[in-house]
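**Q** have a look at this fold, sequence not included:
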């Protein structure tokens, strides 16, 4: 896939080419492309003058990164302890059945990527689901199913 | 403008006081992540809209989280000369009505949560009164803040400003005494003197380890090598703990000021704040705060005109729990994989880029300015013999009042759970409280009078950790809870050392067997053996404490393990392989809600006739159980 290298350069420059900001750089690249394309990682390695293996090791170590294209909307089901004891796993099960993907997967139409996350720090509102940047609390299986319609 | 003198600070303070206590009615919305998740943004927008229309001459403001997350969104109204009144569960419509009522000098008693006649200014050791006397205040049906059970026993040091100031306004932080402490430290105290105060205060690290902060600072100051680094660990990964998020979102300057004081004491000029990726709002508030501090010359070159320089950078994490471990965090800061290393040489000697590095967590840093302002003796007068000061706990799970509470060390679990937390909802029985996150353990009902401090929690087989307190009632299965943490740790183990990578995996397999009815005699003993090996052999604290949640549940809830293994039964009705769902024909009204909810078409029945559930089709998702309004679905 052809990607816009100048976009990658722009991100790296916005961090002043600072190696200690590698995670931040990869995050911004990912939020632009919705995943980390190979070409972008190669470019990061060239610009920061570090081996490509190091870029890949970081890109594959952290949960926030994906080397495969993700859906247009990211659903994160919180499975922190508080959400767990309040039924978080059942919410995830409901979404898995409705979207016909397993946690970590992306729907065929690239509409949703479903993932679990360990604690979003909204424990008082559990069970919690975050879709893109919107946090929803005090959910049950019935309520969560209704949330998805507004995300095209 | 660059602040150089006390007078310059005074000017900002005046501005801050004006925006904290304006001469007209002020309505403030709690807008931390937890507030926004329940609709605080919509409330704020509705209020801003009304004011825009010119109907009301009032100030609309935002603040962080006051800690009472149970009733969010919270809104408070402060009118000159009157008591401040907090309202719960405010909707946009309610908010506009509140404006109407409050402008007329009235209060909505039914919606009110509590009232406040004044607030504490901890740093300056005084109370700011909103009203001259108690006399003549009308809203007497509304409980006073300090009589409100949730707040009565709390002592707020780290959370002193959360919920009271607008975190995006440095002037309000200064009006509460902020940055005056820094001025005092930089102009009147030597670095060693600062360290001495922190040592004498007895402050211990709030991130989990509980290492004495002053000793850490001294070691880093005395370590050879330049430059030295200051790091704030805001990679708050313990599930069920969110005090660091709340401090960063509600009072970011307290952390920044603490870090600058630490940098001065240690002799560092470069600082990092490593924040979890899952906390976008904390990052946003921090960025604003750093920019403001730089703008006023409180950060950067020539701080407060003293010649001292210090910069802070924000680094975002990538979603790895192990990066909360100091050496893994530092590796990640170096642009590498977040794997820990053995600590034969401490990070205060050789940490980030092999230079002396001092890392403390958010809550620890937030404690530093009050200690410097009020002195070591004041701080050490609070708490127990070896655990000084207060600790913030996030009280969550099956409890009536969920939220963030800050209490003196040594307060008992009973006081936290029953007096502050209001006990267990729905008349259920308290079963256990999990503290310390995945490194901690479960403390049973029998130990409810345990005073909470670093040492006592460790003795009980758990630990303080970062302060998560997950309360569980009788509906929680302790084997499932143990499996939950092991599952978590298995996913988060970085895989560098064998005991952790393999040991946790094997523990998970055994627990999986037990919870699916395949457990056998000897499993518990094997779990204990693996736990011992992990403790002795793992490279970092993630692995060496990984067995705690399992060992403590075995220790206190052995009979539940036995029920799963011998009787193939889950007494709490959680482990899906060991339970069945059925419908009680006596209670079923035939409303059909469960039929609609069932994804497996396992429930059939005529309208208004008792339904029945086909066990062989049931996938045990629990949908029917959740939707039934008549408790007719039986889970056993």
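**A** Yep, it's here. Just so you know, these numbers come straight off a predicted model, no measurement behind them. Numbers count the residues shown, from 1 in each chain, chains lettered A, B, ... in the order given.

**Q** helices along chain A, start to end?
**A** A:5-14, A:22-33, A:38-48, A:52-61, A:81-85, A:88-99, A:141-147 (DSSP state H).

**Q** please identify the buried residues of the fourth one?
**A** What that stands for is helix A:52-61. Buried residues in helix A:52-61, counted by 16 or more other Cβ atoms under 10 Å in any protein chain shown: A:54, A:55, A:56, A:58, A:59, A:61. (Each C-beta comes from the backbone N, C-alpha and C, glycine too.)

**Q** helices or strands up against it?
**A** Packed against helix A:52-61 by the contact rule (3 or more Cβ pairs under 8 Å, 6 or more residues apart in numbering or on different chains; DSSP states H and E) you find helix A:22-33, helix A:38-48.

**Q** and which of the buried residues of helix A:52-61 is nearest chain B?
**A** residue A:61 (4.4 Å; Cβ to the nearest Cβ).

**Q** for that closest one, which non-adjacent residue is spatially closest?
**A** residue B:337 (4.4 Å; Cβ to Cβ, 6 or more residues apart in numbering or on different chains).

**Q** can you tell me the closest non-neighbouring residue to residue A:42?
**A** Once flanking residues are discounted, residue A:42 sits nearest to residue A:52: 6.2 Å by Cβ to Cβ, 6+ apart.

**Q** just the pLDDT at the one you found, thanks.
**A** Note on residue A:52: pLDDT of 96.

**Q** ok, the one 5 residues further on next?
**A** The predicted local confidence for residue A:57 comes out at a pLDDT of 95.

**Q** just residue B:431 next, same as before
**A** The per-residue pLDDT reported for residue B:431 equals 95.

**Q** what kind of secondary structure is it in?
**A** Under DSSP: H, G, I helix; E, B strand; the rest coil, residue B:431 falls in the strand class.

**Q** would you confirm that it contacts residue B:473?
**A** Yes - taking Cβ atoms under 8 Å as the definition, residue B:431 is a contact partner of residue B:473 at 5.6 Å.

**Q** so the residue of the stretch 201-350 of chain B found nearest chain A, which of the three states?
**A** Closest residue of the stretch 201-350 of chain B to chain A, Cβ to the nearest Cβ: residue B:318 (2.8 Å). Here residue B:318 takes the coil state, with states given by three-state DSSP.

**Q** so what's it up against?
**A** A:23, A:26, A:27, A:58, A:61, A:62, A:63, A:64, A:65, B:277, B:332, B:338 (Cβ atoms under 8 Å, 6 or more residues apart in numbering or on different chains).

**Q** one step back: take the buried residues of helix A:52-61 and lay them out in CSV including distance to residue B:624.
**A** Below are the buried residues of helix A:52-61 laid out as CSV (distance: Cβ to Cβ, whole Å):
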residue, distance to residue B:624
A:54, 51
A:55, 49
A:56, 46
A:58, 45
A:59, 43
A:61, 41
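
**Q** what does the stretch 101-250 of chain B have sitting close to chain A?
**A** Contact residues (Cβ under 8 Å from any Cβ of the partner chain) of the stretch 101-250 of chain B with chain A: B:236, B:237, B:238, B:239, B:240, B:241, B:242, B:245, B:246.

**Q** lowest mean pLDDT among the helices and strands of chain A, which one is it?
**A** Within chain A, no helix or strand scores below helix A:81-85, which has a mean of 84 by mean pLDDT, DSSP states H and E.

**Q** how deep is whichever residue of chain A sits closest to chain B tucked in, by neighbour count?
**A** With Cβ to the nearest Cβ, the shortest gap between chain A and chain B falls at residue A:62, namely 2.8 Å. Neighbour count for residue A:62, taken as other Cβ atoms under 10 Å in any protein chain shown: 20.

**Q** hang on, it packs against residue B:320?
**A** Yes - Residue A:62 is within contact range of residue B:320, at 5.2 Å (criterion: Cβ under 8 Å).

**Q** shared neighbours, those two?
**A** residue B:338.

**Q** so who does the residue lying closest to residue B:243 once chain neighbours are set aside touch?
**A** Excluding the flanking residues, the one nearest residue B:243 by Cβ to Cβ, 6+ apart is residue B:392, at 4.0 Å. Shown in contact with residue B:392 (Cβ under 8 Å, 6+ apart): B:158, B:159, B:206, B:243, B:246, B:247, B:363, B:404, B:405, B:406, B:467.

**Q** helix/strand/coil for the fifth one?
**A** Okay, so that is residue B:246. Secondary structure, three-state DSSP: residue B:246 is helix.

**Q** and the gap between the nearest residue to residue B:147 once chain neighbours are set aside and residue B:566?
**A** Nearest residue to residue B:147 in three dimensions, chain neighbours excluded: residue B:114, at 7.9 Å (Cβ to Cβ, 6+ apart). Distance, residue B:114 to residue B:566, by Cβ to Cβ, to the nearest Å: 51 Å.

**Q** and what of residue A:146?
**A** Per Cβ to Cβ, residue A:146 is found 43 Å from residue B:566.

**Q** ok, and the closest non-adjacent residue to the residue nearest the centre of chain A?
**A** Closest residue to the average C-alpha location of chain A: residue A:64 at 5.2 Å, with Cα atoms, centre = their mean. Once flanking residues are discounted, residue A:64 sits nearest to residue B:319: 4.0 Å by Cβ to Cβ, 6+ apart.

**Q** got the domain ranges for chain A?
**A** In the domain annotation for chain A, the residue ranges read A:5-61, A:73-150 (automatic domain parsing).

**Q** return the most buried member of the ones you listed.
**A** Mean neighbours per residue, mean count of other Cβ atoms under 10 Å in any protein chain shown, is largest over the domains of chain A for domain A:73-150, with a mean of 21.

**Q** what about it, start to end distance?
**A** 11 Å (Cα to Cα, to the nearest Å).

**Q** please see if it touches chain B.
**A** Yes - Domain A:73-150 lies within reach of chain B by Cβ under 8 Å from any Cβ, at A:79-82, A:84-87, A:90, A:93-94, A:97, A:117-126, A:128, A:133, A:135-138, A:140-142.

**Q** any idea how far that domain is from the chain center?
**A** 13 Å (Cα atoms, centre = their mean, to the nearest Å).

**Q** okay, now the unreliable bits of chain B?
**A** Along chain B, the model assigns pLDDT under 70 to residues B:133-139.

**Q** the longest strand seen in it: how far from the chain's middle?
**A** Ranked by number of residues, the top strand in chain B under DSSP state E is strand B:390-397. Centroid separation for strand B:390-397 versus its chain: 6 Å, with Cα atoms, centre = their mean.

**Q** likewise stretch B:333-353?
**A** 26 Å.

**Q** enumerate the residues of the stretch 401-550 of chain B near chain A.
**A** Counting by Cβ under 8 Å from any Cβ, the residues of the stretch 401-550 of chain B near chain A are B:402-403, B:434, B:437, B:468, B:470, B:472, B:476, B:481, B:484-485, B:488, B:491-492, B:494.
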